[in-house]
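Enquirer: Predicted model and sequence below, questions to follow.
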Amino acid sequence: MRKRIKKPPVRPEVRREWLRRYDVEGESPPQIAAKDGFDVRTVRKQIEQAQREREIKESRLMVLRNAIESHYGDLVDFAKQLDSHISGEAPITDPLRNNPLWLALRQHLPHSLLWKGFDRWDNLLEKIDTLKKDSKVRLEKEIAGDAKLRHVLASGSSGVIPGMTEALAFQMEQWARGAKGLSIDDDFRVKSVEDDLVDSEYGAFHMGKTESQYAAIIKDVLVHRESKVTSRAVYDEMSRLFEELKRVQSKLRDEIATIKLRRVVPGRCKYCPI
């Protein structure tokens, strides 16, 4: 009896080639078996296995593709969050800097202008905040010592000094930004509240209840104090800082816009799916 010769196992590349011939060229398993000298059952089994392997590979690729898209989506969303912060002149706080996506974005873009820009952004905001606080302290002292307000303050009104301080500090900041600010003719109002008492307000800032005769004095002091705002050294420094803040903001937003519009961030990070 002649001994049957056992064929070697079908190699993966042969299995894939059979599947290609089956799918693309339309060869049937019997045709492939006859041409290649294999049992038709073996050919069918190998084609089925190749189909399963292809499906698994395609599934894995789909999962990987979804993971990559989600990863890039997370980076773009985080970039939008940073953009929102600087649009509102908010500092880049520790929760943002400690966010894993901060590290991811920095690893993807290690040489971006963003990182020094954000540090400069926070530094400028800190300097501006300190300057605003210091200017309020000086304004409050000057207003409290203004001889024109002696009788107003002696009458017991407690809202004049804080109200005028806030109004003048606001005016200084608006002018330092290059904005219009308040208009004494349009935004100063006097409202009767009770008996002979009135509430003087400048924009959103209230001077508290005073006797009606003092409203004109309050307005006169505001006009006088406003005229000196732009001659202060603190005003010049505030204007310079706001101008630099605007430049830094523009550069940062340009960099962030590139990330948002490209939607694909170059480079790699520790959180990349591949």
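Expert: Noted; the coordinates are in hand.
Enquirer: residue ranges for the strands of the chain, please.
Expert: Under the criterion DSSP state E, the chain contains strands at 188-194, 197-202, 205-211.
Enquirer: right, and those - which one's nearest residue 102?
Expert: Nearest to residue 102 among those is strand 205-211; the distance by Cβ to Cβ comes to 38.4 Å. (Each C-beta comes from the backbone N, C-alpha and C, glycine too.)
Enquirer: mind listing what residue 189 touches?
Expert: Residues in contact with residue 189 (Cβ atoms under 8 Å, 6 or more residues apart in numbering) are 200-202.
Enquirer: show me what contacts residue 85?
Expert: Neighbour list for residue 85: 91-92, 96 [criterion: Cβ under 8 Å, 6+ apart].
Enquirer: separation between it and residue 253?
Expert: The gap separating residue 85 from residue 253 is 11 Å, by Cβ to Cβ, to the nearest Å.
Enquirer: Same question for residue 8.
Expert: On the measure of Cβ to Cβ, residue 8 and residue 253 end up 65 Å apart.
Enquirer: So which of those two has more stuff around it?
Expert: residue 253 (16 against 5; other Cβ atoms under 10 Å).
Enquirer: my read: the more buried one touches residue 82, true?
Expert: No. Contact criterion Cβ atoms under 8 Å: residue 253 and residue 82 do not qualify, at 9.6 Å.
Enquirer: ok so, going back, just name the closest of the contacts of residue 189 to residue 209, please.
Expert: For the contacts of residue 189, the nearest to residue 209 is residue 200 (9.1 Å; Cβ to Cβ).
Enquirer: So the closest one sits against residue 215, correct?
Expert: Yes. At 4.9 Å, residue 200 counts as touching residue 215 under the criterion of Cβ under 8 Å.
Enquirer: So if I had to pick from the two, which one is more boxed in?
Expert: residue 200 (28 against 19).
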